[in-house]
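1. Build the 3D model from these lines:
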Amino acid sequence: MARETAMELQDAKMNGALPSDAVDYRQEREGFLPSRGPAPGSKPVQFMDFEGKTSFGMSVFNLSNAIMGSGILGLAYAMAHTGVIFFLALLLCIALLSSYSIHLLLTCAGIVGIRAYEQLGQRAFGPAGKVVVAAVICLHNVGAMSSYLFIIKSELPLVIGTFLYMDPEGDWFLKGNLLIIIVSVLIILPLALMKHLGYLGYTSGLSLTCMLFFLVSVIYKKFQLGCAIGRNETAMESEAPVGLHNQGLNSSCEAQMFTVDSQMSYTVPIMAFAFVCHPEVLPIYTELCRPSKRRMQAVANVSIGAMFCMYGLTATFGYLTFYSNVEAEMLHMYSQKDPLILCVRLAVLLAVTLTVPVVLFPIRRALQQLLFPGKAFSWPRHVAIALILLVLVNVLVICVPTIQDIFGVIGSTSAPSLIFILPSIFYLRIVPSEVEPFLSWPKIQALCFGVLGVLFMAISLGFMFANWATGQSRLSGH
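-> Here you go, the predicted structure:
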């Protein structure tokens, strides 16, 4: 789950005055540029004088929380439409590229002494750059909120129906669209109206714990179920002839190593969506004990490596349980009355419900800074922005038919912007030409990296629009 808590807690630090001139590239090794000159008779203020207190291990935990999100539920679906080997190769590529983009961000931040993603945009392109970066982050967080509410929409009726011994498809008060409105009004809105975010800081750890529980359960259910499971519990428990039970099953139970189909246009965006953590990198850097570029890069590499292993295991065991029948929201594939899966559903529902207001806070902060700069805090404005955002996200979740569309669109727009395009542009604009000429190898790499992001965005969106136009996005039956 995105760790916007760190961003909110560091808001006062991140919104300091921007330095007027760039620091020499070599000075990055010594510390960040101070935001104001030292007092007469005192030594220059360095970044180390504002050293954070967060250990290396806790920083890894925090960044892992920032990476981990609802995208993990769609990775088995991505593997089903690429094959095991092809999927793992693509996942590794995304992980390596994500690590490289963090290297670009840390380099830029070290040169100009900026600790916020939005401020890098302002340093590179002025106020327009800050607006663009804030808009991309808002788009990504709206997508994250939508994916969380979609999980509530699909899983909460099953949980309530199990406890009440009712059919979630038969009773009007168990409809997912109604339940997400109720949850939004009774739980999410009161939390989103809080003035400060600190009380919600523990949800990050809860979310990661729930996803670890989810991974362990997926592995266990693979060995318990094998391949003998249908697409839904009704088919399994009905008294229909045996032949009907086989409908929805992968009768061959053979894993595909390499495959390409029309749904592949969703797979890479889902993987990109699952690795976005870049807006939180610099706030975590600010909190790091004994901060240095090399130390923070090590934090990023360990976190990305751990999430790569977790994603790979979840996707592999989920795919090997359901094979080609796996849905974009894998948790929905399991039996409604399975006690273990019921516990997993409850844990995931609790985590995503408490995370929605955490994701809402930075969106509201960005909107206030863009639309009402310099304005004092106002409760009516604070409440109005939260209400508008929640209404917008609820309408989006009610209208969008499947979670794969949310993963696909956000993974094809905001994810490549945050991972590929913006870090490369920042590097090209911020690193002085006298330090790295434009035709130097590092800048050529950064340019190719940005071009790769543009191509990725264009191709993914093109294939998705083509699928929607031809109706092939519905062929999977989701």
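2. thinking residue 157 is in contact with residue 178, fair?
-> No - look at residue 157 against residue 178 with Cβ atoms under 8 Å: they stay out of range, at 9.2 Å. For every residue, glycine as well, the C-beta is placed using N, CA and C.
3. These two - which one has more neighbours?
-> The neighbour count for residue 157 versus residue 178, taken as other Cβ atoms under 10 Å, is higher for residue 157 (23 against 14).
4. State the pLDDT value of that one.
-> What the model reports as pLDDT for residue 157 is 89.
5. which residues touch stretch 176-190?
-> 149, 152-154, 156-157, 160, 172, 353, 356-357, 360, 386-387, 390, 394, 397-398 (Cβ atoms under 8 Å, 6 or more residues apart in numbering).
6. hmm, 10 Å instead?
-> Residues outside stretch 176-190 that contact it (Cβ atoms under 10 Å, 6 or more residues apart in numbering): 145, 148-160, 168, 172-173, 175, 192, 349, 352-357, 360, 383, 386-387, 390-391, 393-394, 397-399.
7. Identify those among those that sit within helices.
-> 145, 148-160, 192, 349, 352-357, 360, 383, 386-387, 390-391, 393-394, 397-399 (DSSP state H).
8. and residue 163, what does it touch?
-> 342, 346.
9. Ok, residue 154 next?
-> Applying Cβ under 10 Å, 6+ apart to residue 154 gives the contacts 73, 168, 176, 179-180, 327, 329, 331-332, 345, 397, 402-403.
10. Also residue 222?
-> The neighbours of residue 222, taking Cβ under 10 Å, 6+ apart as the test, are 316, 317, 318, 319, 320, 321, 322.
11. can you put the residues you listed in TSV and add neighbour count?
-> What follows is those, written out as TSV (neighbours: other Cβ atoms under 10 Å):
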residue	neighbour count
316	20
317	19
318	29
319	28
320	20
321	24
322	24
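12. Helices - which of those residues land there?
-> Per DSSP H, these map to helices at 316, 317, 318, 319, 320, 321, 322.
13. Chain neighbours aside, what residue packs nearest to the last one?
-> Just to be clear, that refers to residue 322. Distances taken as Cβ to Cβ, 6 or more residues apart in numbering put residue 333 closest to residue 322, at 5.4 Å, once the chain neighbours are dropped.
14. For that neighbour, grab the count of nearby residues.
-> 21.
15. pretty sure it is in contact with residue 324, am I right?
-> No - counting by Cβ atoms under 10 Å, residue 333 stays clear of residue 324, with 12.0 Å between them.
16. Show the pLDDT at residue 46.
-> What the model reports as pLDDT for residue 46 is 42.
17. before we move on, what about residue 247?
-> Per-residue confidence for residue 247 comes out at a pLDDT of 35.
18. Could you do residue 259 as well?
-> Value listed for residue 259 in the pLDDT field: 82.
19. Kindly report the same for residue 90.
-> The model's pLDDT for residue 90 equals 91.
20. next one: residue 39
-> In this model, residue 39 carries a pLDDT of 45.
21. heads up, I number from 103, so please use that
-> In the new numbering, first residue 103, that becomes residue 141.
22. Let me know the secondary structure of residue 537.
-> Assigned with DSSP: H, G, I helix; E, B strand; the rest coil, residue 537 falls in the coil class.
23. Correct me if wrong: it contacts residue 213.
-> Yes - with contacts counted by Cβ under 10 Å, residue 537 reaches residue 213, the gap being 8.2 Å.
24. higher neighbour count, these two?
-> Set residue 537 next to residue 213 and count neighbours by other Cβ under 10 Å: residue 213 wins out with 25 against 13.
25. gap between that one and residue 410?
-> 29 Å (Cβ to Cβ, to the nearest Å).
26. okay, residue 337: pLDDT?
-> On pLDDT, residue 337 comes in at 36.
27. next one: the one 5 residues further on
-> The predicted structure scores residue 342 at 35 on the pLDDT scale.
28. which sections of the stretch 253-402 of the chain are below the confidence cut-off?
-> In the predicted model, the stretch 253-402 of the chain carries pLDDT under 70 at residues 270-272, 298-306, 329-354, 364.
29. how about the strands in it?
-> Using DSSP state E, counting those that start in this stretch, the stretch 253-402 of the chain contains no strands.
30. And for the spatially closest residue to residue 367 that is not a sequence neighbour, the neighbour number?
-> Spatial nearest neighbour of residue 367, chain neighbours left out: residue 565 (3.2 Å); criterion: Cβ to Cβ, 6+ apart. Here the number of neighbours of residue 565 (other Cβ under 10 Å) works out to 21.
31. Over to residue 214?
-> Neighbour count for residue 214, taken as other Cβ under 10 Å: 21.
32. Kindly report the same for residue 404.
-> Neighbours of residue 404 (other Cβ under 10 Å): 16.
33. can you check residue 282 too?
-> Neighbour number of residue 282 under other Cβ under 10 Å is 24.
34. Check residue 239 too.
-> Per other Cβ under 10 Å, the neighbour tally for residue 239 reads 26.
35. What of residue 288?
-> Around residue 288 there are 9 residues (other Cβ under 10 Å).
36. From residue 294, how far out is it?
-> According to Cβ to Cβ, residue 288 and residue 294 sit 12 Å apart.
37. And residue 223, by the same measure?
-> 26 Å.
38. Next: residue 506.
-> As defined by Cβ to Cβ, residue 506 lies at a distance of 27 Å from residue 294.
39. Count residues in the vicinity of residue 414, would you?
-> The number of residues packed near residue 414 is 18, by other Cβ under 10 Å.
40. residues contacting it?
-> Residue 414 neighbours (Cβ under 10 Å, 6+ apart): 177, 181, 186, 189, 190, 193, 194, 197.
41. To which secondary structure element is it assigned?
-> In the assignment (DSSP states H and E), residue 414 maps to helix 395-424.
42. Any idea how far that helix is from the middle of the chain?
-> Distance, stretch centre to chain centre, for helix 395-424: 13 Å (Cα atoms, centre = their mean, to the nearest Å).
43. sorry, back to before: the ones in helices among the contacts of residue 324: which two are farthest apart?
-> 418 and 424 (11.9 Å; Cβ to Cβ).
44. returning to that earlier point: tell me the buried residues in the helix or strand harbouring the residue nearest to residue 367?
-> Using DSSP H and E, residue 565 falls within helix 543-572. Neighbour counts over helix 543-572 (16 or more other Cβ atoms under 10 Å) mark 544-545, 548-549, 551-552, 555, 558-559, 562-563, 565-566, 569 as buried.
45. Output the contacting helices and strands for that helix.
-> Packing contacts for helix 543-572, counted by 3 or more Cβ pairs under 10 Å, 6 or more residues apart in numbering; DSSP states H and E, involve helix 186-214, helix 369-376, helix 505-514, helix 516-518, helix 524-532.
46. at 6 Å what do you get?
-> Packing partners of helix 543-572 (3 or more Cβ pairs under 6 Å, 6 or more residues apart in numbering; DSSP states H and E): helix 505-514, helix 516-518, helix 524-532.
47. Tell me what angle it forms with helix 505-514.
-> Here helix 543-572 runs at an angle of 150 degrees relative to helix 505-514 (axes from the mean of the first three to the mean of the last three Cα atoms, to 10 degrees).
48. Off-centre distance for helix 543-572?
-> 19 Å.
49. How about stretch 467-480?
-> 25 Å.
50. How about stretch 223-238?
-> How far stretch 223-238 lies from its chain's middle: 21 Å, per Cα atoms, centre = their mean.
51. Can you mark which positions in stretch 428-444 are buried?
-> 428-438, 440, 443-444.
52. Go through those residues and name the one with the lowest pLDDT.
-> Lowest in pLDDT among the buried residues of stretch 428-444 is residue 430, which has 76.
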